[in-house]
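Novice: after the sequence you'll find the predicted model.
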Amino acid sequence: MLEASNLECVRGERRLFADLSFRLAAGEMLYLQGSNGSGKTSLLRMLCALTPAASGDIRWRGRAIGKLGEEFRSELCYLGHLNAIKEELTPLENLLLAAQLAQESLDHDAALDALELVGLLGREDLPCRYLSQGQKRRAALARLVNERRALWVLDEPYVALDAAAVELVAGLIGAHLQRGGLAVLTTHQAVPVTAGTVRELSLDGAHATSGWG
Amino acid sequence: MLEASNLECVRGERRLFADLSFRLAAGEMLYLQGSNGSGKTSLLRMLCALTPAASGDIRWRGRAIGKLGEEFRSELCYLGHLNAIKEELTPLENLLLAAQLAQESLDHDAALDALELVGLLGREDLPCRYLSQGQKRRAALARLVNERRALWVLDEPYVALDAAAVELVAGLIGAHLQRGGLAVLTTHQAVPVTAGTVRELSLDGAHATSGWG
Amino acid sequence: MHWNSFGDFLAMGNHGLYVWGSLLVMALLMVAEPTLVLRGRRTLVERLRRQYRAESGEASRSRSAAGRRRND
Amino acid sequence: MLRALRAVIGRDLRLAMRRQADIVAAMFFFIIVVSLFPLGVGPEPDQLRRLAPGVLWVAALLATMLSLPRLFADDHRDGTLEQLALAPQPLGLIVLGKVIAHWLVAGLPLVVLAPVLGIQFDLPSDALAVLTLSLLIGTPALSGIGAIGAALTLGVRGGGVLLSLLVLPLYIPVLIFGAGAVDASVSGLGPQAHLSLLGALALGGVFFAPWPTAAALRVALE
Amino acid sequence: MLRALRAVIGRDLRLAMRRQADIVAAMFFFIIVVSLFPLGVGPEPDQLRRLAPGVLWVAALLATMLSLPRLFADDHRDGTLEQLALAPQPLGLIVLGKVIAHWLVAGLPLVVLAPVLGIQFDLPSDALAVLTLSLLIGTPALSGIGAIGAALTLGVRGGGVLLSLLVLPLYIPVLIFGAGAVDASVSGLGPQAHLSLLGALALGGVFFAPWPTAAALRVALE
Amino acid sequence: MSNGLINWFKYASPQSFYPLAGKLIPWFWALAALFGVAGLSIGFLLAPTDAQQGEGYRIIFLHVPASWLSMFIYLVMAFWAGLGLAFNIRLSGMMASALAPTGALFAFLSLWTGALWGKPMWGAWWVWDARLTSELILLFLYIGFIALQAAIDDPRRADKAGAILALVGVVNIPIIYFSVKWWNTLHQGASVSLTKAPSMAAMMLWGMLLCALACWMYSIAVALMRVRTIMLERERHTDWVRALLTNQE
Ligand code: HEM
Ligand SMILES: Nc1ncnc2c1ncn2[C@@H]1O[C@H](COP(=O)(O)OP(=O)(O)OP(=O)(O)O)[C@@H](O)[C@H]1O
Ligand SMILES: Nc1ncnc2c1ncn2[C@@H]1O[C@H](COP(=O)(O)OP(=O)(O)OP(=O)(O)O)[C@@H](O)[C@H]1O
Ligand SMILES: [Mg+2]
Ligand SMILES: [Mg+2]
């Protein structure tokens, strides 16, 4: 379904990687590894068509994502380094608004259940500004509970989470894969995803090119 | 040297913990554990006298830190969830300015060495805005390399770091303890600090109080 | 008494609109303010009573309430 | 389509309500700027009357401009903008929603306040009506045009002030036609010509500007 | 003590230099606001001359105010403010340094520009001199007083506009004395009285204001 | 420590101040009504016509008390705020918050009555005169104080931030009061002062003073009512509030 061929990434005057290719089918997860600054975030943003690749192309269901536009975006769920939650709003409001924007229907009770699952029950009406670092991340991740779009792109989702929450998120990803979803994930911690097929790809290895482009 | 007795923390209308006491001597590290939102960050900020405790007191070399003021602050090094680096400045400038503000003298070469140690050589002249998440954290942590103040308070220093960088930071903390320093640390990952004495304290256990204050 | 007739009193030497406009607004606001304070107080007291009642009953029921919501 | 538009407007309005202060304080900024002029210029009523349309329009323009940097910056900083750019709707539509919400929060209150402030400057009542009408037509243009500037300066060094640098020149036609309409009505020429030009600007600002804005946002996210 | 002060000033100046746009654009904002008025008000030279001191002062005040929200907000957001609060020096001293740097970046350029703009309004040369002097004395007060407002609204909902709500009332005396000095010199009364009051405000603003500002910052960090 | 200070601290605790305030409120209402009736009847029924201004001058019995109170309440508010900041007394922050809306009300009334007075006397609702402007600033300061406190959810933080603002804003009060002296303006200078003998008819003076007293008593009564509400709200997790509200039905 998702296919990248001969990707090259250039940042400033530095080529981060080149000739990177992979394929991902339904129910598979790509576990992207690499040391700090090796270009993981850059690659994920390319996969979302947020940044153009220096060369190479990315296809979704056989068609270039640049061309697909909205069609591709309606199958994509991206979660970056930033939480994309509004500090003024409560976790509940954040969750409902995120669903609205993604044109999904999520009712109040389902949202509350999602928040309960990520351990924010009792804080659903507290503005996110007051949440702890990990709780903010949980509020952001609550989106995943009812997320049914096919491709999940997650940039270090486990950051700031405690062990219990990491388990939980890994479970969500596992369930997604079993439903036939795809996921691309980076993390510097362990990936306790057990369901689905996990393919690993390291940016430190063969594709990495060091020095000046 | 650092002594807390009967600390109580109230946030909003919620009492996070109460009756928390500990003592830390030279060369010892306090490893603070607790699930998300259990009050670790709040406790660290109390130890720095940034937030007043609801009740209880904190003493440094036998004197209340609220009274000590600048005397205490000149022995304290705090690193929070936020990196405290300026995105517009380069890692080198950030490091030099941080030292200046702390009224420490750090020469250009020492700063470069520190950056080399944390793996930012080659990026020392790149504005921090362009750094990857982990590189930003490294730039913030470079301060620790030449830091000789007695008490380090580190809030999840390992976040966003890759395995090599975690080792490195753990090594820095170990060396600090061996020099007779004190450290207070939280993290949801493992703590590979091997030198010094590590005391553990969990906020999920006895001190935690739930419900309304 | 300074006034000759009630009409004079109301006219205020042709400045009735201004004088009574001032007095009326001032009186109105000075009645409105304590009324608003009282109303605010009443709603607060009601809210707190409700909250206390809920809390005293809740300690035992909270588990099952959460469970019930999950089911429906 | 319309549902998405409503969702965006609703979200931004809710955020504004949550901040409350925002709406109230934007109005107060307008009031205070307008009140500053007599202080700086001196109190002669005749002079003030002649100044009034210019001062009110400049103040409206500044009040709008002041709220521009936050139009996208908050969303950019916390990552919401990425999510918006990845939403299934066209980004231009989302921007349109944000522009409308911005006008409701930052423009409409000014329109409502203008007559009251006009009285302080002793404006005659037909001039007051034209002033209010010109603001009603003109402020949407300010929001729309401002959005382009806000998107172009997003995440750029020195954004806030650079923004005013970019936007003010584009605001000048609005200012000239807006203040001109009031002047024309005071001098008996009839404000129609000015107002219809203003209307054209407003239509352009609201329905055309969102597309370049969306393009600028995509560039900012790269 | 002085070393710490210099370190803070140096750091802020370097940041401003890095952003460059900041300084240049603050000046351009000033220029544009001043140039907008003739557009809104109409071109009669006599009227413009009478307007000049007020308009220039109001523009200076707005330009300063526009740069205020960033005085502490950037440091707050990226955690630097915590580090400053934990630095061994008194926080008031650090604030003093930031105020001075702010004036150098946002105030001084206005002083330099004022005579040039005054010529555009056909001001006589002694009025020009008084205008420049009054700005030179008055703008530090604006930076100092503004810092209090910036600190009080730090991390508060609707900060930017709330800030102007808090700060503008406190700016009004500066405006009155500043524009008053120019007026007095034009009308031949001699500006000394106004200027010395302005000087008192400036001293207060620079040396007294940092302490409540520091207190407000500590509150914001709690 | 002196006995008085200890007593003071005892009443500074919300728990003991709450019932005390409850007992005092009716008395202040009674005084306010008494002074109000007396002042208004002197002012509107007995006082003679003013030689220059005709009957329109009677607005003075509303305008001057409102103006005085608007300034005086600000001073009291700043005093409480400062006390709270210096000694960390919970009650003082609450008092400051309770006074602000009443002060804003009087500032508004001063503007309103002044404007209604200005139209017949000066021929304009509003002129940009120093006193009028500074009174407007005072209103803005009140609104700024209220807005700042409303924008901060944590009451302790809100108290502290508000206190700093209130103290900084105090400089505006002398400016308002002396503005008529410092700038020659349309507005009347002070005709009641401590140093000079009053320059107005005794009847008018008495009417004005009684009305001012009425407004003063009113302010105390309303502020006490409001502070009681604030106390309940802020102390809702303490046992005494819980006991108070669950026992008395
Ligand atoms: C909106 C307009 C006005 C405002 C904001 C205003 C404000 C004030 C203030 C703050 C005071 C109390 C200060 C003091 O006692 O010295 C005051 C007193 C007074 N005002 Fe006004 N005023 C306004 C309009 C007027 C008008 C139109 C008149 C009459 C023509 C007037 C007549 C007086 C008089 C007689 C006093 C009492 C002065 C004294 O006896 O001390 N005011 N006003
Ligand atoms: N303008 C530039 N000039 C030179 N190098 C740049 C420039 N912009 C970005 N870079 C480099 O590009 C890389 C971006 O990496 P990216 O953010 O994708 O890393 P990552 O693998 O996600 O790292 P992390 O694990 O730290 O999140 C960094 O090494 C950064 O230093
Ligand atoms: N105004 C408030 N009302 C209620 N609860 C609050 C309020 N402000 C903060 N809290 C709670 O206080 C706690 C703050 O926790 P803190 O940030 O110290 O957690 P932490 O242990 O550092 O967590 P993490 O591991 O996620 O960083 C959170 O549980 C938060 O929900
Ligand atoms: Mg990354
Ligand atoms: Mg934390």
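Specialist: It's in. What you are looking at is a predicted structure, and each value in this text was computed from that prediction instead of being measured. Ligands and ions are numbered 1, 2, ... in the order given.
Novice: hey, which helix is longest across chain A?
Specialist: Taking DSSP state H as the criterion, chain A has its longest helix at helix A:163-178.
Novice: pLDDT score for the residue nearest to residue D:27 when sequence neighbours are not counted?
Specialist: In space, and not counting its chain neighbours, residue D:27 is closest to residue D:109: 4.5 Å by C-beta to C-beta, 6 or more residues apart in numbering or on different chains. To be clear about C-beta, it is placed using only N, CA and C from the backbone, and glycine gets the same treatment. Taken from the predicted model, the pLDDT recorded for residue D:109 is 89.
Novice: report the buried residues of the helix or strand hosting residue D:109.
Specialist: Following DSSP states H and E, one finds residue D:109 within helix D:108-120. For helix D:108-120, burial by neighbour count (16 or more other C-beta atoms under 10 Å in any protein chain shown) applies to D:108-111, D:113-115, D:117-118, D:120.
Novice: distance of the residue nearest to the spatial centre of chain C relative to residue E:63?
Specialist: In chain C, the centroid-proximal residue (C-alpha atoms, centre = their mean) is residue C:36; its distance is 2.3 Å. To residue E:63, residue C:36 is 40 Å away according to C-beta to C-beta, to the nearest Å.
Novice: got the phi and psi for the residue in chain A that chain D sits nearest to?
Specialist: Relative to chain D, the nearest point of chain A is residue A:82 (2.9 Å; C-beta to the nearest C-beta). When read as degrees, to the nearest 10, the backbone of residue A:82 gives phi -90, psi 150.
Novice: quick one: it and residue D:81 touch, right?
Specialist: No - with contact defined as C-beta atoms under 8 Å, residue A:82 does not count as touching residue D:81 (9.4 Å).
Novice: would you mind telling me which of the two has the busier surroundings?
Specialist: For residue A:82 versus residue D:81, the count of surrounding residues by other C-beta atoms under 10 Å in any protein chain shown is larger for residue D:81: 24 against 17.
Novice: which residues does the more buried one contact?
Specialist: D:72, D:75, D:217, D:220-221 (C-beta atoms under 8 Å, 6 or more residues apart in numbering or on different chains).
Novice: again with residue C:30
Specialist: If you count contacts by C-beta under 8 Å, 6+ apart, residue C:30 has them with F:105, F:218.
Novice: next: the one 3 residues further on.
Specialist: Residues counted as contacts of residue C:33 (C-beta under 8 Å, 6+ apart) are F:101-102, F:105, F:222.
Novice: would you confirm that it belongs to a strand?
Specialist: No - residue state for residue C:33 (DSSP: H, G, I helix; E, B strand; the rest coil) corresponds to helix; a strand is not indicated.
Novice: the closest residue to residue F:47 other than its chain neighbours: helix or strand, and which one exactly?
Specialist: Nearest residue to residue F:47, sequence neighbours excluded (C-beta to C-beta, 6+ apart): residue F:203, at 4.8 Å. Residue F:203 is part of helix F:202-234 when elements are defined by DSSP H and E.
Novice: buried stuff in that helix?
Specialist: Buried residues in helix F:202-234, counted by 16+ other C-beta under 10 Å: F:204-234.
Novice: in what helix or strand does the residue nearest to the centre of chain C lie?
Specialist: Using DSSP H and E, residue C:36 falls in helix C:16-71.
Novice: how about residue A:161?
Specialist: Using DSSP H and E, no helix or strand contains residue A:161.
Novice: contacts only, for it.
Specialist: Residues near residue A:161 by C-beta under 8 Å, 6+ apart: A:134, A:137-138, A:141, A:169, B:36, B:188.
Novice: if I've got this straight, residue A:135 is in a strand?
Specialist: No - judged by three-state DSSP, residue A:135 forms no part of a strand; its state is helix.
Novice: I'd say it and residue A:120 touch.
Specialist: Yes - because the distance of 6.4 Å satisfies C-beta under 8 Å, residue A:135 is recorded as touching residue A:120.
Novice: ok, now which ones touch the residue nearest to residue F:211 when sequence neighbours are not counted?
Specialist: Closest residue in space to residue F:211, ignoring its immediate chain neighbours: residue F:39 at 3.6 Å, by C-beta to C-beta, 6+ apart. Counting by C-beta under 8 Å, 6+ apart, residue F:39 touches F:61, F:206-214.
Novice: tell me where chain A has strands.
Specialist: A:2-11, A:14-24, A:28-33, A:55-60, A:63-64, A:76-79, A:151-155, A:182-186, A:197-202 (DSSP state E).
Novice: tell me how far residue A:170 lies from residue A:113.
Specialist: Per C-beta to C-beta, residue A:170 is found 19 Å from residue A:113.
Novice: which residues are in contact with residue C:18?
Specialist: C:12, F:56, F:59, F:116-117, F:119-120 are the contacts of residue C:18 under C-beta under 8 Å, 6+ apart.
Novice: what does chain F put close to chain D?
Specialist: F:124-129, F:133, F:136, F:140, F:143, F:147, F:150-151 (C-beta under 8 Å from any C-beta of the partner chain).
Novice: number of nearby residues for residue 43?
Specialist: Went with chain A since none was named. Residue A:43: 29 neighbours (other C-beta under 10 Å).
Novice: I was thinking of chain F, sorry if that wasn't clear
Specialist: Using other C-beta under 10 Å, residue F:43 has 23 neighbouring residues.
Novice: tell me the pLDDT of residue C:34.
Specialist: Taking residue C:34 on its own, its pLDDT is 94.
Novice: who touches it in this structure?
Specialist: By C-beta under 8 Å, 6+ apart, the contact list for residue C:34 reads F:221-222, F:225.
Novice: same question, residue F:175
Specialist: E:173, F:134.
Novice: so for whichever helix or strand it is part of, what's the average pLDDT?
Specialist: Following DSSP H and E, one finds residue F:175 within helix F:172-182. Across helix F:172-182, the average pLDDT comes to 76.
Novice: ok, the most centrally placed residue in chain A - contacts?
Specialist: By C-alpha atoms, centre = their mean, chain A has its centre lying nearest to residue A:154, at 1.7 Å. Contacts for residue A:154 (C-beta under 8 Å, 6+ apart) come out as A:78-79, A:173, A:183-186.
Novice: what does chain D put close to chain A?
Specialist: So chain D meets chain A at D:3-4, D:7-8, D:10-11, D:14-15, D:18-19, D:74, D:77-80, D:82-90, D:221-222 (C-beta under 8 Å from any C-beta).
Novice: no further questions, thank you.
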